[in-house]
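*Asks:* Following is a predicted model, sequence given first.
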Amino acid sequence: MDSYDLVIANGVCVTAADVAPCDVAVKGEKIVLLAPSGSLAGAATKRLIDAEGGYVMPGGIDCHVHLEEPSLFGQGSSADSFESGTRSAVAGGNTTVVAFAPQQKHLDSVLAALADAHALARGNCYCDYGFHTLVANPSPTALSEFPRLAGGEGVTSLKVYMTYAALQLRDDEILSVLLAARRSRLLTMIHAENGDALAWLTDRLEAAHLFAPRYHAHAHAPALESEATHRAIALSALLAGTPILLVHVSEPAAARRIREAQAAGQPVFAETCPQYLFLTRDDLDRPGFEGAKCVCAPPPRTRADQAALWRGLRDGTFAVLSSDHCAFRYDDAAAGKKTSVSPAHPVGRFRHIPNGLPGVETRLPLAFAARKLPPTRFVEVSSTNAAKLYGLYPRKGSMIPGVSDADLVVWYPAGALGEFALTNDMLHHDADYTPYEGRTLDNWPRYTILRGQVVWDRDGGGIVGEKGFGKFLKRERSSLHGIWETVEEEGPFDLEAL
Ligand code: URP
Ligand code: ZN
């Protein structure tokens, strides 16, 4: 009889395609066998996990996390390092994160930024990780480095911003990035908000003495997101359907425009995040300065908008549900949300509140408890599509024997935990709050397993994995819906000549 390193017996396995009671056998770092339920309960194995009544899924892949970034916006610095951010990730059922290697505007090279990110992450991660390049200065040097990103470096995606003075690219710069990305088969992620209009609105609100956190939602008006989304899609179309992914989409008009482009066959992909499903703009109006805990960009919108985003997750408009984890400490006047508070502005100035929320650990439990997605779709948007979109499939995001890494999340049987209120002291990040404090949940990852090793055992020591076990992942080019295979070679003009 074969002997295994780990057997997970009696669970209900869920992939993006199937829900089936079956046992999972692991040897070394790989899943090696899926077998009828209960059939491996007596197998020779170093470790047996009885998952009776619980779901067993591919580990979560959070493809949008900001860790240990330089202070890009002039104020605030990340609460989470690669160590604390990935520790928090595994406690929330994730086995892979894709973080950013941010190029600063005054620097030419993106490879140098990548080297800096590697130096911070190496040896410090609890889960596997990759990088997206963040392009703030599409200098000739940076663009000339794209072939190396996709080739030797295994970095097959990049992000650009249409807002934030420190990061914003003009349309002509975005076109240069898209063209170079197309040539190197890099997927371009776009933060779509109209930065110029946003700055104008911010000035007007401040001139009217409207400084409190809630005015952040006024400045980041939904129309600025849908306009920029439309423009990003138009720029991608101008370059003969160069693939793009709209990140952290928060409002329905943008989602409709994305859907329309998808229906027309454009390679336009989209992501939404828990803050747009579980928070609203009313959360920015919490007493005193508390609303700052929910300041992110784009901001949370309305309840009706939440419902529209859930529909978009179900109908395929959104390929992925990511956290956009970008944590700043709240009660921290040197590096956190309170850098924006002064005697003259006791409830802060919204323009100076560092944008971003912690969420890598709560993404899966919140979405699981909401029961708004069929289990297969839950796996698809939280793991499998991320693996495909970012060139990790089928090694990650699936459970194919002999092929997939043994990256798994095991949930408790339904009802085993009862209902409980989430509190920040349950979490493993270095932020001093969660925007979801007090939220009712009814499940939590019981085990997180990374390449065959249990790294999170909620009832048996919590974090049991080791810092440094997480490996850097060189990624292939995106494979979701064959985006590079179907991309039109012919445009309205000869792209090769540009
Ligand atoms: O507010 C946000 N989303 N902060 C993180 C940075 C970004 O734009 O993704
Ligand atoms: Zn963004």
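*Replies:* Noted; the coordinates are in hand. Ligands and ions are numbered 1, 2, ... in the order given.
*Asks:* so residue 244 touches residue 233, yeah?
*Replies:* Yes. Applying Cβ atoms under 8 Å, one finds residue 244 in contact with residue 233, separated by 7.3 Å. Every C-beta, even on glycine, is put in place using the N, C-alpha and C of the backbone.
*Asks:* Please list the residues of the protein that sit near ligand 1.
*Replies:* Residues of the chain found near ligand 1 (Cβ under 6 Å from any ligand atom) are 66, 191, 248, 296-297, 324, 326, 355-356.
*Asks:* Overlap in contacts, residue 244 and residue 233.
*Replies:* Taking Cβ atoms under 8 Å, 6 or more residues apart in numbering as the contact rule, residue 244 and residue 233 both touch residue 268.
*Asks:* got the CA coordinates for stretch 318-325 in PDB?
*Replies:* Taking Å, rounded to 0.1, in the frame of the first residue of the first chain, the C-alpha atoms of stretch 318-325 are listed here in PDB:
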ATOM      1  CA  PHE A 318     -15.600  40.100 -12.000                       C
ATOM      2  CA  ALA A 319     -13.000  37.400 -12.400                       C
ATOM      3  CA  VAL A 320     -11.600  37.800  -9.000                       C
ATOM      4  CA  LEU A 321     -12.400  38.900  -5.400                       C
ATOM      5  CA  SER A 322      -9.200  40.300  -3.900                       C
ATOM      6  CA  SER A 323      -8.600  42.100  -0.600                       C
ATOM      7  CA  ASP A 324      -6.500  45.100  -1.800                       C
ATOM      8  CA  HIS A 325      -5.000  44.700   1.700                       C
END
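*Asks:* so which helix or strand takes in residue 100?
*Replies:* Assessed by DSSP states H and E, residue 100 sits inside strand 94-102.
*Asks:* picking up where we left off before, so which of the residues of the chain next to ligand 1 are in strands?
*Replies:* Under the assignment DSSP state E, the residues of the chain next to ligand 1 contribute residue 191 to strands.
*Asks:* Adding neighbour count as columns, could you present the residues of the chain next to ligand 1 in JSON lines?
*Replies:* Output for the residues of the chain next to ligand 1, formatted as JSON lines (neighbours: other Cβ atoms under 10 Å):
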{"residue": "66", "neighbour count": "21"}
{"residue": "191", "neighbour count": "24"}
{"residue": "248", "neighbour count": "23"}
{"residue": "296", "neighbour count": "26"}
{"residue": "297", "neighbour count": "21"}
{"residue": "324", "neighbour count": "26"}
{"residue": "326", "neighbour count": "26"}
{"residue": "355", "neighbour count": "22"}
{"residue": "356", "neighbour count": "23"}
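*Asks:* ok so, going back, what strands line up against the strand holding residue 100, and which way round?
*Replies:* Applying DSSP bridges, strand 94-102 is found paired with strand 60-65 (parallel), strand 128-134 (parallel).
*Asks:* which of those strands is buried the deepest?
*Replies:* Among the strands paired with strand 94-102, strand 60-65 has the highest mean neighbour count (mean count of other Cβ atoms under 10 Å), at a mean of 30.
*Asks:* Can you give the distance of that one from its chain's centre?
*Replies:* Distance, stretch centre to chain centre, for strand 60-65: 4 Å (Cα atoms, centre = their mean, to the nearest Å).
*Asks:* Pull the residues that contact it.
*Replies:* Here strand 60-65 has contacts from 85, 89, 92-100, 189, 247-248, 271, 273, 320, 322-326, 360, 363-364, 382-383, 386-387, 389-390, 392, 396-397, 409, using Cβ under 8 Å, 6+ apart.
*Asks:* Kindly report the same for stretch 334-348.
*Replies:* With Cβ under 8 Å, 6+ apart as the criterion, stretch 334-348 contacts 75-77, 79, 211-213, 288-289, 292-293, 295, 328-333, 349-354, 432.
*Asks:* can you dump the C-alpha coordinates of it into CSV?
*Replies:* Listed next in CSV are the C-alpha coordinates belonging to stretch 334-348 (Å, rounded to 0.1, in the frame of the first residue of the first chain):
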residue,chain,number,x,y,z
ALA,A,334,3.5,59.2,12.8
ALA,A,335,2.6,56.6,10.1
GLY,A,336,-1.1,55.8,10.2
LYS,A,337,-4.5,57.3,9.7
LYS,A,338,-4.0,59.9,12.3
THR,A,339,-1.2,61.6,10.4
SER,A,340,-4.0,63.6,9.0
VAL,A,341,-5.2,64.9,12.4
SER,A,342,-3.9,68.2,13.8
PRO,A,343,-5.1,70.8,16.3
ALA,A,344,-6.6,72.8,13.4
HIS,A,345,-8.3,69.6,12.0
PRO,A,346,-9.4,67.4,14.9
VAL,A,347,-11.4,65.2,12.6
GLY,A,348,-8.5,65.1,10.1
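*Asks:* quick one: buried residues of it?
*Replies:* 335-341, 347-348 (16 or more other Cβ atoms under 10 Å).
*Asks:* Just flag the most distant two among those residues.
*Replies:* Farthest apart among those by Cβ to Cβ are 335 and 347. That separation is 19.3 Å.
*Asks:* what's near enough to touch residue 251?
*Replies:* 222, 225-226, 276, 298, 301, 305, 308.
*Asks:* just the residues you listed now: which is nearest residue 29?
*Replies:* Within the contacts of residue 251, the smallest distance to residue 29 is 35.1 Å, found for residue 276 (Cβ to Cβ).
*Asks:* part of a strand, is the closest one?
*Replies:* No. If the criterion is DSSP: H, G, I helix; E, B strand; the rest coil, then residue 276 is helix and not within a strand.
*Asks:* Need the pLDDT of the residue most central in space within the chain.
*Replies:* Nearest to the mean C-alpha position of the chain, by Cα atoms, centre = their mean, lies residue 64 at 2.6 Å. Reported pLDDT at residue 64 in the predicted model: 98.
*Asks:* One more: the one 3 residues further on?
*Replies:* Looking at residue 67, its pLDDT stands at 98.
*Asks:* Would you check how far apart it and residue 424 are?
*Replies:* 18 Å (Cβ to Cβ, to the nearest Å).
*Asks:* These two: who's more crowded?
*Replies:* Neighbours per residue (other Cβ atoms under 10 Å) separate residue 67 from residue 424, with residue 67 holding more: 28 against 16.
*Asks:* list the buried ones in stretch 66-83?
*Replies:* Quick answer for stretch 66-83 (16+ other Cβ under 10 Å): 66-69, 72-73, 75-83.
*Asks:* Just want the residue of the stretch 101-250 of the chain that's nearest ligand 1.
*Replies:* Closest to ligand 1 within the stretch 101-250 of the chain is residue 191: 4.9 Å, counting by Cβ to the nearest ligand atom.
*Asks:* can you tell me which residues contact the closest residue to that residue other than its chain neighbours?
*Replies:* Spatial nearest neighbour of residue 191, chain neighbours left out: residue 161 (4.5 Å); criterion: Cβ to Cβ, 6 or more residues apart in numbering. Counting by Cβ under 8 Å, 6+ apart, residue 161 makes contact with 136, 167-169, 190-191, 195.
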